[in-house]
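> no sequence for this one, just the structure:
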């Protein structure tokens, strides 16, 4: 019988969740199947996590070529999941039709695979054209990555070919969409940054593990090693260290420089651009940073990107207000 595994939330604001069984990846008798969501707002470290997991699971002696990530960690908007359900080329389907097929495609993917499928999504957890964006039935767990929205804005601007002001506006838009690449991917309803974070971090249907991008940078071995152990992939420290090294930002940049990366936007020079925390201080004006901080204050405070709200405590002394 698979062992129970407990997931500890990054912040006290999010309740602790626990796995009904270890998420052992690979062909193991008696192990559940379904989708393990690797969810995040764009440019928040999702691809980094995917590369690490794929490298760790395949356990090859050299860094895994970027084009092989999907062998283990697929992408939900990939047209391959929609083709069996479509009566014409997926690229010719309307956004509403894609929305109607989305849950069916996810459940079919979970049904035809005997194993757990780690799958990337940038979709908001909600409804698109009246249809759910995520199938609860197909889901066995969620890993959600959150990143400082000020740094996200800088990366999003580069990725989508936007000005910083346009990126900030997009991140406040409840109807924001990531357009698909015809022949490759379909659209995703992302919503605003706060909407996205709020929707996923309130997930209660299956186990939820929260990661902060900044913690992944500051303690890469500790954070990624924790993921490997929580998922039941391996306890082997040497194997984990090797996967961490093979998925380092320096390694990924070198691989992209040599062989390219299919997920790179046409608007940017490279996908793996900076990979650091706090870079927004050199890019955003005080007014731009303030606009993000005001609009996204609640969620930024939840995850430590802004100090707590000071309220009057006993004898008029200030105290930190708790954000639910």
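Structure's in. What do you need? These figures come from a predicted structure and were not determined experimentally.
> quick one: least confident helix or strand in this protein?
Ranking every helix and strand in the chain by mean pLDDT, DSSP states H and E puts strand 5-7 at the bottom, with a mean of 28.
> which residues touch the longest helix anywhere in the chain?
Counting residues, the longest helix in the chain under DSSP state H turns out to be helix 95-112. Contacting residues not belonging to helix 95-112 are listed as 33-35, 74, 76, 81-82, 84-86, 90, 93, 117, 119, 128-135, 137-138, 177, 186-187, 189 [Cβ atoms under 8 Å, 6 or more residues apart in numbering]. C-beta: built from backbone N, CA, C; applies to glycine.
> check which residues of it are buried.
Neighbour-count burial for helix 95-112 flags 97-110 (criterion: 16 or more other Cβ atoms under 10 Å).
> quick one: mean pLDDT over that helix.
For helix 95-112, mean pLDDT is 96.
> give me the sheet partners of the helix or strand just after it and which way each runs.
Using DSSP states H and E, the helix or strand that follows helix 95-112 in sequence is strand 116-121. For strand 116-121, the paired strands and their directions (DSSP bridges) read strand 34-40 (parallel), strand 74-75 (parallel).
> figure out which of these is closest to residue 217.
Set against residue 217 and scored by Cβ to Cβ, those come closest in strand 34-40, at 14.5 Å.
> could you check the angle helix 95-112 makes with the closest one?
Counting by axes from the mean of the first three to the mean of the last three Cα atoms, to 10 degrees, strand 34-40 lies at 130 degrees to helix 95-112.
> other residues contacting strand 34-40?
23, 46, 49-50, 53, 73, 106, 109-110, 116-123, 125, 134-135, 138-147, 200, 231.
> now do residue 182 against residue 96, distance only.
Applying Cβ to Cβ, to the nearest Å, the value for residue 182 to residue 96 is 17 Å.
> I misspoke; the intended subject was residue 119.
Distance, residue 119 to residue 96, by Cβ to Cβ: 23 Å.
> just send the strands paired with strand 116-121 back as TSV, with mean pLDDT too.
Below are those laid out as TSV (pLDDT from 0 to 100):
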stretch	mean pLDDT
strand 34-40	96
strand 74-75	90
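> and those strands: which comes nearest residue 290?
So among the strands paired with strand 116-121, strand 34-40 is nearest, using Cβ to Cβ, at 24.4 Å.
> tell me the buried residues in the closest one?
34-40.
> from the chain's centre, how far out does that strand sit?
Distance of strand 34-40 from its chain centroid, counting by Cα atoms, centre = their mean, to the nearest Å, is 8 Å.
> can you check stretch 86-103 too?
Distance, centroid of stretch 86-103 to centroid of chain: 23 Å (Cα atoms, centre = their mean).
> and what of stretch 294-307?
Relative to its chain's centre, stretch 294-307 lies at 19 Å (Cα atoms, centre = their mean).
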